[in-house]
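In: take a look and give me a structure for this.
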Amino acid sequence: MLRPCCQKLVTYWEYVRSDIEGRINPASPCMALLPPDHPDRFQLADEVHARPPEALSTPMRATYVAVLLDADQREAERQHLAKVCERFDVEPPAAGVTQFTAQLGTVRLKWERHGEFSGYTVFAPGRSEKPFSEPASSWLPAGWMSAVPGRTIVAAHAKLVPAGDGPPDAALLAEHFGGHIVIGSAIADGAGYAFTDFRIHDDGCARFLLIDRGFTQRQAGRMMQRLFEIEAYRMLALLALPIARRQSPRIVAIEKSLAELTDGIAREDGREEALLHELTRLAAEVESGLSASQFRFGACRAYSELVHMRIDEMREVRLPGLQTIQEFMDRRFAPAVATCTTVSQRLHDLSERVAQASGLLATRVGIARERQNQALLASMDRRAKLQLRLQQTVEGLSVAAIVYYAAGLVGYFAKGAKAAGLRLDPDLVVGLSLPLLAGVVLLALRRARRHLHAPEDPATKLH
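Out: Next comes the predicted model:
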């Protein structure tokens, strides 16, 4: 009797202790106090903790590379990561994981898999003698980064350095960005500065300069991660721009053809079949453009929203004489996104207009066909009436013919009777039988006609 009670007390104590420590082991007996878990409960709970920022100490260098991958390159990517992990005697990422962090000698490698791309970030402590002269990726094994599967869409170097006595001067910015126009601001409510020129330099990488005025380590990691994400999402959003530029002349040509076809519909020149064929061709061309571009246009909208979200999270404060990142994006990035959005909307509008014109023309063609069918039915009705009259004429002739042959038979019968000794006049018998024969034939034809036009009996049809 005491053992079950003791077991309950132990179970309750495990639950209380786990609750106090802030964690509940799914395999522990205390989970029996809860209803069964949803299959995705723990995965969904961990989703908000996915891709956490690194804790960075100042000074720090980082290199970020984002590559576009096809579905069949995912396994090759995992194997490539496993090779570098094996070289540094590090446990490689398991199959199916979407993020991985490992210390590879003096540098730290962070890998993240997104929907259509993967991101690699390399962190190296310390600072180089010359700006961006010794990037963090240079500490990886030679040739490993260039052999990463996929196509590079983003490559960037970043530096996290301590602040001086005041805001960075123009000479420092020119030294880091080669005299290009610099965009920057105070970030994190003044806890630091962020600068960039959003250009690809001679080494094939963009550059970001973070100056620490009072970042916490996690805050510094978040700021650097947001800068890399702004660059990545900006480039991914702009993948739709070349498609929009290719589609624009095509859309203008389709709009011109549609206007001409609409005028042809309004003229009612009897070319409905040819116009409908041309409208069908235009509809197929518009749908082809939609299917070839809508994924990228939808991705452009999603990525642009992420860019603005990441900029808002940086909490920029203007510096004298410099554009903020938000202002730069509003002036340079937003119009490109608006172009893609406009082209996408024009394609959808064209699809609707072509469908409306096709429906209108199809209705007109249908009405014309109905008129032709009505004329054909009227012609068939006239022909039926003519056939009826001809049939009635033929019936009259057939009555005369039948009576003629029947009278001949009666004549032969009368002659035979006379030859047998009866006192009959064959001609008189034939003459007297003619009205009777005609009446019988007419009655037989009328009965046959009535039988043909009578409704069919369902019971008779079943038998």
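In: which residue ranges make up each domain of this structure?
Out: Using automatic domain parsing, the domain ranges for the chain come out as 7-34, 53-235, 240-374, 384-455.
In: what about those, which gets the closest to Q43?
Out: domain 53-235 (11.0 Å; CB to CB). All C-beta spots, glycine's among them, are computed from the backbone N, C-alpha and C.
In: quote the end-to-end distance of that closest one.
Out: 21 Å (CA to CA, to the nearest Å).
In: quick one: average confidence on it?
Out: Averaging pLDDT along domain 53-235 yields 91.
In: off-centre distance for that domain?
Out: 32 Å (CA atoms, centre = their mean, to the nearest Å).
In: need the per-residue pLDDT for C30.
Out: The model's pLDDT for C30 equals 50.
In: same question for V10.
Out: 42.
In: re earlier: okay, the domains of the chain in CSV with mean neighbour count next?
Out: Shown next, in CSV, are the domains of the chain (neighbours: other CB atoms under 10 Å):
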stretch, mean neighbour count
domain 7-34, 12
domain 53-235, 17
domain 240-374, 16
domain 384-455, 12
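In: distance of E352 relative to H157?
Out: Distance from E352 to H157, counting by CB to CB, to the nearest Å: 47 Å.
In: now swap in M380 and tell me
Out: 85 Å.
In: ranges for the helices of the stretch 251-400 of the chain?
Out: 272-314, 325-328, 334-419 (DSSP state H, counting those that start in this stretch).
In: now those helices as CSV including mean pLDDT and distance to E112?
Out: Listed next are those as CSV, based on pLDDT from 0 to 100; distance: least, CB to CB, whole Å:
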stretch, mean pLDDT, distance to E112
helix 272-314, 87, 14
helix 325-328, 94, 22
helix 334-419, 80, 24
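In: so what's the closest residue to A334 other than its chain neighbours up against?
Out: Spatial nearest neighbour of A334, excluding adjacent residues (CB to CB, 6 or more residues apart in numbering): S304 at 7.8 Å. By CB atoms under 8 Å, 6 or more residues apart in numbering, the contact set of S304 is Y233, A237, F333, A334, V337.
In: and the closest residue in space to the third one that isn't next to it in sequence, backbone torsions?
Out: Once its chain neighbours are removed from consideration, F333 has its nearest residue in R234; the separation is 6.1 Å (CB to CB, 6+ apart). Here is the backbone geometry of R234 (degrees, to the nearest 10): phi -60, psi -50.
In: max pairwise distance over the contacts of S304: which two?
Out: Pairwise over the contacts of S304, using CB to CB, the maximum falls at Y233 and A334, 13.5 Å.
In: ok so, going back, so the residue nearest to F333 touches V307, yeah?
Out: Yes: if you go by CB atoms under 8 Å, R234 and V307 touch, sitting 5.4 Å apart.
In: what is in contact with those two at once?
Out: M329, F333.
In: on the three-state scheme, the residue of the chain most remote from its centre is what?
Out: Going by CA atoms, centre = their mean, the residue of the chain most distant from its centre is G421, 106.8 Å out. What DSSP: H, G, I helix; E, B strand; the rest coil gives for G421 is coil.
In: mind starting the numbering at 39 from now?
Out: Let's use 39 as the start, then, which means that last one is G459.
In: now do it against A452, distance only.
Out: 13 Å.
In: got it, and A422?
Out: For A422, the distance to A452 (CB to CB) stands at 44 Å.
In: again with A270
Out: 119 Å.
In: please apply the same query to R125.
Out: Relative to A452, and taking CB to CB, R125 is found at 131 Å.
In: packing partners of the one helix or strand I281 maps to?
Out: Per DSSP states H and E: I281 is located in helix 278-305. Here helix 278-305 touches helix 310-352, helix 372-457, going by 3 or more CB pairs under 8 Å, 6 or more residues apart in numbering; DSSP states H and E.
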